[in-house]
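Asker: here's a sequence, model it:
(2 chains)
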Number of protein chains: 2
Amino acid sequence: MSSVINISEKFNLFSDQWSPKKVAELNGQQILLAKIQGEFVFHKHNNEDELFMVMKGELQLELEDKIITVNEGEFYIVSKGVLHKPIAKEEVHLLLFEPLSTKHTGDVLADITVDEYEWI
Amino acid sequence: MSSVINISEKFNLFSDQWSPKKVAELNGQQILLAKIQGEFVFHKHNNEDELFMVMKGELQLELEDKIITVNEGEFYIVSKGVLHKPIAKEEVHLLLFEPLSTKHTGDVLADITVDEYEWI
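Answerer: Residues are numbered from 1 along each chain as shown, chains lettered A, B, ... in the order given. Okay, here's the model as predicted:
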């Protein structure tokens, strides 16, 4: 049964960083919320485009040849196969949109890799 | 080439209502922005779930047995096959997420049906 999702209220339900939470699925895609701070690992998704929508803060996405800045109210799509590393100097709140099959660390298996996203 | 999308700036680029504009595609899905006011037609999408994220205003979604209210900062997913009619007493700004194949009037062909979404 579908229900109205209040994005701010969902962010209030967790505080752990680098651990995306699932809030919705549709059409084989999922919507995740994540809090991040610091630097992630460089990785890519060979088969999935990944959308980063910034709900709070300033996200930097380091690519192979440049750094993209994404501010609150903006989004950026990292195309499949593109190496990227999210960086957040202060805590950033992200809404991610991607296929159900996507792992957040992509082709890299890191200590922080989450196998299955927790629903909130 | 992917670029940063500022959602507010995109909304400033158009004023026509009931005419969704495309701002992104990924994984066979599209992201549309729409301004709506008044009542739409009752319709359903037989094969596609449709996400309504309210960026401004208050959206009402009339379903067969109830009316759902979706406020700014909230989203609601209308599952495939579910009859729905969007209603906006004041102008509402929507971000829609749905498969590329989705028509905004679903199985109903109305005067307002747009065959191909304009990119902005």
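Asker: secondary structure class of the most centrally placed residue in chain A, three-state.
Answerer: Relative to the mean C-alpha position of chain A, the nearest C-alpha, by Cα atoms, centre = their mean, is the one of residue A:96, at 4.3 Å. Following DSSP: H, G, I helix; E, B strand; the rest coil, we place residue A:96 in the strand state.
Asker: host element of the closest residue to it other than its chain neighbours?
Answerer: Nearest residue to residue A:96, sequence neighbours excluded (Cβ to Cβ, 6 or more residues apart in numbering or on different chains): residue A:32, at 4.2 Å. The way it works is simple: take the backbone N, C-alpha and C, and place the C-beta from them, glycine included. Here residue A:32, judged by DSSP states H and E, is contained in strand A:29-39.
Asker: what's the offset of that strand from the middle of its chain?
Answerer: Strand A:29-39 has its C-alpha centroid displaced from the chain centroid by 3 Å (Cα atoms, centre = their mean, to the nearest Å).
Asker: mean confidence score for the helix or strand just after it?
Answerer: Downstream of strand A:29-39, the first helix or strand assigned by DSSP H and E is strand A:50-56. What strand A:50-56 shows for mean pLDDT is 97.
Asker: parallel or antiparallel, list what pairs with the strand holding residue A:32.
Answerer: Strands that pair with strand A:29-39, judged by DSSP bridges, come out as strand A:21-26 (antiparallel), strand A:85-99 (antiparallel).
Asker: for it, give the mean pLDDT please.
Answerer: Taken as a whole, strand A:29-39 carries a mean pLDDT of 97.
Asker: report the buried residues of it.
Answerer: Neighbour-count burial for strand A:29-39, with 16 or more other Cβ atoms under 10 Å in any protein chain shown as criterion, is recorded at A:29, A:30, A:31, A:32, A:33, A:34, A:35, A:36.
Asker: CA atoms only for that strand - export them in PDB, please.
Answerer: This file holds the C-alpha atoms of strand A:29-39, laid out as PDB (Å, rounded to 0.1, in the frame of the first residue of the first chain):
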ATOM      1  CA  GLN A  29      14.100   1.500  -9.300                       C
ATOM      2  CA  GLN A  30      14.600   2.500  -5.700                       C
ATOM      3  CA  ILE A  31      14.700   5.800  -3.800                       C
ATOM      4  CA  LEU A  32      17.300   5.900  -1.000                       C
ATOM      5  CA  LEU A  33      18.100   8.600   1.500                       C
ATOM      6  CA  ALA A  34      21.700   8.900   2.800                       C
ATOM      7  CA  LYS A  35      23.700  11.100   5.200                       C
ATOM      8  CA  ILE A  36      27.300  11.400   4.300                       C
ATOM      9  CA  GLN A  37      30.300  13.300   5.600                       C
ATOM     10  CA  GLY A  38      33.900  12.900   4.600                       C
ATOM     11  CA  GLU A  39      35.100  11.100   1.500                       C
END
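Asker: quick one, that strand and strand B:50-56 angle?
Answerer: Taking axes from the mean of the first three to the mean of the last three Cα atoms, to 10 degrees, one finds that strand A:29-39 is oriented at 50 degrees with respect to strand B:50-56.
Asker: tell me what residue A:33 is bridged to.
Answerer: Beta-bridge partners of residue A:33, counted by DSSP bridges, are residue A:21, residue A:95.
Asker: thanks again, I'm all set now.
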